[in-house]
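In: return a 3D structure for these sequence lines:
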Amino acid sequence: MRTRTLKNAFRKAPTSQLLNKIISLQARLAEAHFDVDAFMKLVVQEMQKLTRATGTVLELMEGSQLVYRAATGTVKKHLGLRLNIENSFSGLCIKSNKVLYSKDTEKDDRVNREACRLVKARSMVVAPLQDKGKPVGVLKIISSRASAFDASHVQILQLMAGLIGAALAHQIFYETTEQLLTEKTVMLHALTQAERKLQYQASHDYLTDLPNRALFQDELITAMHKTQQQNGLLSVIYMDIDHFKSINDTLGHSIGDALLQAFASRLKEWLTGECLAARFGGDEFVLLMGQVKNPQTALQRIEDLLQKIREPYTLVDRELRITSSIGMAFFTGGDITVDAFLNQADQALYAAKHAGRNTVQVYKTELLSEEMV
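Out: The predicted structure is shown next:
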């Protein structure tokens with residue numbers, strides 16, 4: 001009679017208190033919006049409060065296994081535990097799509113007793129979590145005592161399972177989408193960086209990090225066009241290291257490479273304003289001087305550079321002194337190609353070498369007096 005009365009009391013009892021708790025929990029769950037870990041943690045914490053379980057766990061499906069993704073109470077230390085769906089009570093819950101109650105796991109053949117003993121689950125209620133008819137995982141409340149739960153606890157899990165399953169799937173979808181977007185952003189950034197690196201490598205000399213011939217010629221085209229529009233003056237300078245082959249042959253290529261790098265550093269230190277230095281190959285370097293005031297000022301700057309180049313170089317454990325031969329050409333406009341302009345500076349360099357090296361020669365133009373040429 002007492003048993004019947006209790007059951008009838010449960011069936012007829014007002015559910016307002018329970019519903020208020022569930023509504024309150026729904027509001028709390030909304031606070032964990034778009035944070036899967038926070039959402040799952042809140043679920044197990046609040047469900048333990050509602051059911052007075054000794055432990056609550058939320059298990060998610062990963063292939064053929066269920067993984068403890070959030071846990072409280074006595075099962076908290078088992079976070080990350082994996083169970084095979086085929087031989088577990090949780091797996092049976094998913095397959096049957098029903099809330100299952102094991103009053104005493106020591107007497108229930110449906111359960112994995114070894115796993116139950118591990119997490120101290122003498123009794124437990126398991127509810128399937130689904131989204132749009134597809135299983136997501138299970139929500140499980142456990143107790144270290146047999147017959148610790150009653151019909152009210154089953155009802156709570158029944159009322160909450162649908163909400164939690166759909167919300168959890170939404171959370172996971174959002175997290176996955178965000179993760180994919182983040183990964184895509186990272187990937188695009190990496191691709192952009194790689195593209196920039198390739199573009200840089202394609203336009204710069206690998207040894208000296210100076211612009212290469214292709215980039216220099218592009219810049220020279222722009223500078224010549226600007227000079228022609230503004231009726232200005234620019235200069236191109238061809239230069240190389242005197243007797244570089246001999247240095248390479250006698251001291252070795254490692255010293256030769258170190259010298260080229262040090263030489264390039266001297267050029268970078270010298271650069272100012274609208275100047276550009278490039279390596280065309282070997283020991284051949286080319287300079288561009290834009291917005292030149294007059295040929296005499298440009299020539300003085302190059303004489304200063306020549307003096308800077310003559311200063312000693314400390315390479316590894318030795319000191320080297322070198323000189324350079326330099327050829328200059330000027331452009332004020334007119335019908336001349338980039339290659340022809342560069343060739344003028346190259347001819348002036350040849351003249352400097354013919355004159356005994358360690359000097360500057362200027363390609364003869366109408367701008368220059370006979371004394372300067």
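In: and I172, what pLDDT?
Out: The score at I172 is 59. That number is its pLDDT.
In: same question for the one 4 residues further on.
Out: Per-residue confidence (pLDDT) for T176: 55.
In: repeat for S64
Out: Taking S64 on its own, its pLDDT is 89.
In: and it, what is it in contact with?
Out: Counting by C-beta atoms under 8 Å, 6 or more residues apart in numbering, S64 touches 84-86. From N, CA and C alone the C-beta is placed, and that goes for glycine too.
In: any chance of CSV for the residues you listed, columns pLDDT and distance to F341?
Out: As requested, those are exported to CSV (pLDDT from 0 to 100; distance: C-beta to C-beta, whole Å):
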residue, pLDDT, distance to F341
N84, 89, 78
I85, 89, 77
E86, 88, 80
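In: which one of these is nearest G333?
Out: Lowest distance from G333 to these (C-beta to C-beta) belongs to I85, with 81.7 Å.
In: wait, that closest one sits on I94?
Out: Yes - counting by C-beta atoms under 8 Å, I85 does reach I94; the two are 6.6 Å apart.
In: what mean pLDDT does the helix or strand harbouring N248 have?
Out: Per DSSP states H and E: N248 is located in helix 244-251. Averaging pLDDT along helix 244-251 gives 92.
In: quick one: the helices in the stretch 201-350 of the chain?
Out: 213-230, 244-251, 253-270, 295-310, 338-354 (DSSP state H, counting those that start in this stretch).
In: highest mean neighbour count out of these?
Out: Of the helices of the stretch 201-350 of the chain, the one with the most neighbours on average (mean count of other C-beta atoms under 10 Å) is helix 338-354, at a mean of 18.
In: tell me the domain ranges of the protein?
Out: 2-179, 213-362 (automatic domain parsing).
In: turn the helices of the stretch 201-350 of the chain into TSV, including distance to V75.
Out: Output for those, formatted as TSV (distance: least, C-beta to C-beta, whole Å):
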stretch	distance to V75
helix 213-230	64
helix 244-251	73
helix 253-270	64
helix 295-310	75
helix 338-354	76
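In: quick one: T323 and T250, what's the gap?
Out: 16 Å (C-beta to C-beta, to the nearest Å).
In: make that K140, sorry
Out: From K140 over to T250 (counting by C-beta to C-beta), the distance is 81 Å.
In: kindly present the domains of the chain as a markdown table, with separate columns for distance to L207.
Out: As requested, these are exported to a markdown table (distance: least, C-beta to C-beta, whole Å):
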| stretch | distance to L207 |
| --- | --- |
| domain 2-179 | 42 |
| domain 213-362 | 6 |
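In: worst average pLDDT in those?
Out: domain 2-179 (a mean of 78).
In: re the thing from before, elements contacting the helix holding N248?
Out: Under the contact definition 3 or more C-beta pairs under 8 Å, 6 or more residues apart in numbering; DSSP states H and E, helix 244-251 sits against helix 253-270.
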